[in-house]
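Trainee: Sharing a model that was predicted from the sequence below.
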Amino acid sequence: MVNGKKVQASITVEAVFVFPIVLFILIALLYFSLYLHDQTVVSCVIDEANERLNQAVRQPSNYETGAISYDKITSESLLCRFNGDYSVEIKSMKEFIKTRLNKRLMLGDVEKIEVKKDRTSISTTVITKSRIHFFPALEYLKNYHTSVNTAECEVNNTSEYVRAASVTLDIVSQTKAFDKVVDVINKIDNVLK
């Protein structure tokens, strides 16, 4: 009896079955919202790191602040940039991603950061692992325990544009069309004299 009223025992029995299900659903919703938060943060940090790498390749700059070092712009030649492997910039990029993500992730930790450099693009992969383990629900959540986020960005290196232009000019200068253009220009020059 509660406050003079009879309480049926069936309500207590039903609550014993319903309460764990409701609690599991609430915890799952919380877990997935934190998971989505972490995925969004990782994606944003990778995009920011790619943009800063792109700026660091174009011109010398501080990777953390993004400030351009104007006094160092003329210290490197164009050929140095053409043959560069961006190892210093990539190392700074990895440190930038790790420090930013360790401060902002709620559910996981950074397990691995991979950066693959191509001639004109860089692919960044960040693997995060969840700190929270739901042993009873591990079968349902195993796909969300480790996540892999990958982003690619093109590197706007000025030396690549120079190389592409020189190759194009070399190819065009060896064609008959180029010889015709030179003949027309010579004829126009002779007429104007």
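Mentor: The structure has been received and is ready for your questions. Residues are numbered from 1 along each chain as shown.
Trainee: Following element in sequence after the helix or strand of the chain with the lowest mean pLDDT, please.
Mentor: Using mean pLDDT, DSSP states H and E, helix 78-82 stands out as the lowest-scoring helix or strand of the chain, at a mean of 54. Beyond helix 78-82 in the direction of the C-terminus, DSSP states H and E gives the next helix or strand as helix 87-104.
Trainee: helix or strand right after that next one?
Mentor: Downstream of helix 87-104, the first helix or strand assigned by DSSP H and E is strand 108-117.
Trainee: And that following strand, what does it pack against?
Mentor: Packing partners of strand 108-117 (3 or more CB pairs under 8 Å, 6 or more residues apart in numbering; DSSP states H and E): helix 87-104, strand 121-130. Quick note: C-beta positions are derived from backbone N, CA and C, even for glycine.
Trainee: want to throw those into a markdown table with distance to Glu51?
Mentor: Output for those, formatted as a markdown table (distance: least, CB to CB, whole Å):
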| stretch | distance to Glu51 |
| --- | --- |
| helix 87-104 | 10 |
| strand 121-130 | 11 |
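Trainee: Switch the ones you listed over to TSV; also include mean neighbour count and mean pLDDT.
Mentor: What follows is these, written out as TSV (neighbours: other CB atoms under 10 Å; pLDDT from 0 to 100):
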stretch	mean neighbour count	mean pLDDT
helix 87-104	16	88
strand 121-130	18	87
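Trainee: Go through this structure and flag its longest helix.
Mentor: Among the elements of the chain assigned as helix by DSSP state H, the one spanning the most residues is helix 9-58.
Trainee: That helix - contacts with which helices or strands?
Mentor: Against helix 9-58 (3+ CB pairs under 8 Å, 6+ apart) you get helix 87-104, strand 121-130, strand 146-154.
Trainee: how about CSV for these, with distance to Ser61 added?
Mentor: Below are those laid out as CSV (distance: least, CB to CB, whole Å):
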stretch, distance to Ser61
helix 87-104, 10
strand 121-130, 16
strand 146-154, 16
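Trainee: Need the pLDDT of the closest residue in space to Asn102 that isn't next to it in sequence.
Mentor: Closest residue to Asn102 apart from its sequence neighbours, by CB to CB, 6 or more residues apart in numbering: Val110 at 6.6 Å. We have a pLDDT of 90 for Val110.
Trainee: The one 5 residues further on now?
Mentor: The per-residue pLDDT reported for Val115 equals 89.
Trainee: any idea how far Val42 is from Asn50?
Mentor: According to CB to CB, to the nearest Å, Val42 stands 13 Å off from Asn50.
Trainee: okay, and for this structure, where does confidence drop off?
Mentor: Applying pLDDT under 70 to the chain picks out residues 1-9, 72-85, 133-144, 156-178, 193.
Trainee: Please consider this matter closed, and thank you.
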